[in-house]
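Enquirer: next come a sequence and a model predicted from it.
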Amino acid sequence: MELSVNDTPAYLYTGGRPFDRQQPVVVLIHGAGHDHSVWNYQARQLAHHGFAVLAPDLPGHGRSQGSPLPTIEALADWVEALLDAAGVVHAALAGHSMGSLVALQTAAQAPARISKLILIGSVAPMPVAPPLLEAAAHERAAAHGMINQWSYTPASQLGASPVPGVSLTGLNQRLMERQREGVLANDLAACNAYQGGLDAAARIAVPCAMLCGERDQMTPRKAVKPLHEALAKVPGGARMIVIKGAGHAMMAEAPDAVGDAMRGFLTSA
Amino acid sequence: MTLPKTFGPETLALHAGQSPDPAFGARAAPIYFTTSYVFPDTDHAAALFNLERPGHVYTRISNPTNAMLEERIAALEGGVGAIAVASGQAALHLAITTLMGAGGHIVASHALYGGSHNLLAYTLPRFGITTTFVDPHDADAWRAAVRPETRLFFGESLGNPGLDVLDIPAVADIAHAHRVPLLVDATLVTPCLQRPLALGADLVLHSATKFLGGHGVAVGGLLVDGGRFDWEASGLFPTLTEPYDGFHGMDFAEESPIAAFLLRARREGLRDFGACLSPMNAFQILQGMETLPLRMRAHVANARKVAEHLAAHPLVAHVAWPGLDSHRDHALAARLLPDGAGSVLSFELKGGRAAGRAFIEGLRVFSHLANVGDAKSLVIHPASTTHFRMSAQDLAAAGIGEGTVRLSVGLESVDDLIEDLNRGLYAASRVEQG
């Protein structure tokens, strides 16, 4: 569906079911250079099990108009504006990679509106390797190649895909190519520049889950620790869920495990 | 900056799409000979039907062995995915019916495999889909044939029977200027000699029966989606960009902006038209593909020696193989097929039908049959077989001479092939003299 957010048309995928704000709302925020389609299976599972799903294309991405927003803070403001535009008072937030920083920042700056938080493939701070930043700005094809190489496990690069007949890395390559010029460079620069992650985490007092790919090279398990520890006010501590065998692109590589973990966490007390 | 390392075609041909079997660790591709798949519980069953989870429901729609084949050809072609079907003809039918219904129009090269020509010229018009055939070399003809209802451009990497080379970048540009995709039949080249998606094509089909299998034991087809064509931006493809009542009201381009075509083709085309591939055939084609890069190099090397030998022979009027500089598309082949122009070639015998017949009957190593792309060398004389009812005049209009012979050069010792051809040429010479 389409909504006007800050006077600019924004596209939102609702997981194959009409959006019903009477149901518990969950917002799924995609990562750098992506769009809503990275959430297909998780969005459909949640939408078919009692949740009202909003998976936006962030500004300038996919079908949403406007320019990509240059900072994580600006993206968090946009998510708040999106909730207003959709008439949503309370929502759970889930984000992947860059989207996880947006979810974290939104939850920190609008604590009264966010009921639960799911951080997928998340570290804070989230430094981006200089060669990738450079390539995203000046040689997109090389940047896409690096992201594919670092986001998918060797098994996904060469072996079977969970989606019959679909090449996960081929699909991701084209999805990144489909985004407008400058979008990926903007997003990676926003991740790299965001220094407020640990402060934001310290303010989170709602249930939080962290999903980590067992073989993630972009946001590896050992690098998650500072963010996990900073989420000290989360009741019972942030729940760490390791997605077996998956890399950074875990929604694609392990769609069932990620969907089940999200749904399990969102439906738990 | 250099691009990150990607896998070479030899590696992809052996591994892409297949991980060691999770059940027993089998290294070879298991044949999942099953029609259907047990659902762990009712919620899981519903989730598979709703596309909340990926997986297999019924082998007409997907099968694990077929998926290995699909992902392998997708990796080799540089596509986002593929669909395995019962034959190359089924792949062409699936592509067309996914993109258009009655009232749709196709612009196609006139240099096509006879089966494809039959489908486009005679059968599909009965269902309201028409085709304008054009000279593939004539860019203005492609442009002039476009109508408001045109939904697809179609050609073969190497066209029949003259081995015309399709200028894929040029034809793709024209197609895209008219907001329609280009589908290329790459059967005669395989991804080892040409990757049409990298040259600008949007969809690729194969008769996997031919070089991909290579053994001549299994009929099958593959349809690969490049994932670059923007269906939403084109605005001409309501089957992909509007809700479909036949599948959960799904708007396929909304669901998957990149793989909308594959989604509709599988969820509608395979489901309803049902031209699925047997997992046994998928397994056999996978076995063939493991050695595809090696075989294609050997095919091309043999074809070159055969073509050069025939071109120098006094009984041969003309050899059509784009690897020879006498071919009208030699320069284009050098650009678009730098690793070789395949191993199907045709030549014109002096002496007409009788010489052609004598030539064929004089051969011992070449098999006389109606196929191409086998590891074994094949030969056919159209004027005395597939086109025997046609007059000399009609043959000429189809680009076939009375003495035209088509060879599919196989992997035998090339000296044996040349000796065999000499034997046939000697038999033909005796007819000419007699």
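Expert: Nice, thanks for sending it over. Just so we're clear, the structure is a prediction, and the values are computed from it rather than from any experiment.
Enquirer: distance check, residue B:119 against residue B:95.
Expert: 11 Å (C-beta to C-beta, to the nearest Å). Placement of C-beta: from N, CA and C, glycine included.
Enquirer: for residue B:85, same thing?
Expert: Per C-beta to C-beta, residue B:85 is found 10 Å from residue B:95.
Enquirer: common neighbours of those two, please.
Expert: residue B:223 (C-beta atoms under 8 Å, 6 or more residues apart in numbering or on different chains).
Enquirer: show me which of residue B:119 and residue B:95 is the more surrounded one.
Expert: For the pair residue B:119 and residue B:95, the greater number of neighbours falls to residue B:95 (27 against 18), based on other C-beta atoms under 10 Å in any protein chain shown.
Enquirer: any idea of the mean pLDDT in the helix or strand that one falls within?
Expert: Residue B:95 belongs to helix B:88-99 when elements are defined using DSSP states H and E. The average pLDDT within helix B:88-99 is 98.
Enquirer: who's in contact with that helix?
Expert: Contacts of helix B:88-99 with the rest of the structure, by C-beta under 8 Å, 6+ apart, involve B:83, B:85, B:104, B:106, B:113, B:115-116, B:119, B:124, B:129, B:151-152, B:154, B:181, B:183, B:185, B:187, B:203, B:205-210, B:220-223, B:237, B:239-240, B:261, B:264-265, B:268-270, B:273, B:275.
Enquirer: what's the burial count for residue 121?
Expert: I'll assume chain A. Number of residues near residue A:121 (other C-beta under 10 Å) recorded here: 30.
Enquirer: my bad, the chain I had in mind was chain B
Expert: Using other C-beta under 10 Å, residue B:121 is surrounded by 15 other residues.
Enquirer: again, but for the one 10 residues further on
Expert: Residue B:131 has 24 neighbouring residues, counting by other C-beta under 10 Å.
Enquirer: confirm it sits in a helix?
Expert: No: read with DSSP: H, G, I helix; E, B strand; the rest coil, residue B:131 is strand and lies in no helix.
Enquirer: and it, bridged to which residues?
Expert: Counting by DSSP bridges, residue B:131 is bridged to residue B:106.
Enquirer: among the contacts of helix B:88-99, name the buried ones.
Expert: For these, a burial check counting by 16 or more other C-beta atoms under 10 Å in any protein chain shown picks out B:83, B:85, B:104, B:106, B:113, B:116, B:119, B:124, B:129, B:151-152, B:154, B:181, B:183, B:185, B:187, B:203, B:205-210, B:220-223, B:237, B:239-240, B:261, B:264-265, B:268-270, B:273, B:275.
Enquirer: in strands, which of the residues you listed fall?
Expert: Residues of the buried ones among the contacts of helix B:88-99 located in strands (DSSP state E): B:83, B:85, B:106, B:151-152, B:154, B:183, B:185, B:203, B:205-207, B:221-223.
Enquirer: hmm, which two among those residues are most spread apart?
Expert: B:151 and B:207 (22.5 Å; C-beta to C-beta).
Enquirer: quick one: low-confidence ranges for the stretch 151-269 of chain A?
Expert: The stretch 151-269 of chain A contains no residues with pLDDT under 70.
Enquirer: show me what from it comes close to chain B.
Expert: Within the stretch 151-269 of chain A, the positions near chain B by C-beta under 8 Å from any C-beta of the partner chain are A:155, A:157-167, A:170-171, A:173-175, A:177-178, A:255-256, A:259.
Enquirer: try it again with 7 Å
Expert: For the stretch 151-269 of chain A, the residues found near chain B under the criterion C-beta under 7 Å from any C-beta of the partner chain are A:155, A:158-167, A:170-171, A:174-175, A:178, A:255-256.
Enquirer: quick one, strands of the chain?
Expert: In the absence of a named chain, chain A is used. Under the criterion DSSP E, chain A contains strands at A:2-5, A:8-13, A:25-29, A:52-56, A:91-96, A:114-120, A:208-213, A:239-243.
Enquirer: sorry, should have said chain B
Expert: For chain B, the strands defined by DSSP E cover B:81-85, B:105-109, B:130-134, B:150-156, B:182-185, B:203-207, B:221-225, B:316-320, B:344-349, B:367-368, B:378-380, B:404-408.
Enquirer: ok now the shortest one, how far from the chain's centre?
Expert: If I follow you right, that is strand B:367-368. 22 Å (C-alpha atoms, centre = their mean, to the nearest Å).
Enquirer: which residues outside that strand are in contact with it?
Expert: Residues outside strand B:367-368 that contact it (C-beta atoms under 7 Å, 6 or more residues apart in numbering or on different chains): B:360, B:376-380.
Enquirer: just flag the most distant two among these.
Expert: Most distant of the contacts of strand B:367-368, by C-beta to C-beta, are B:360 and B:376, 15.3 Å apart.
Enquirer: neighbour count winner among these two?
Expert: When residue B:360 and residue B:376 are compared for neighbours, residue B:360 comes out ahead with 20 against 16, by other C-beta under 10 Å.
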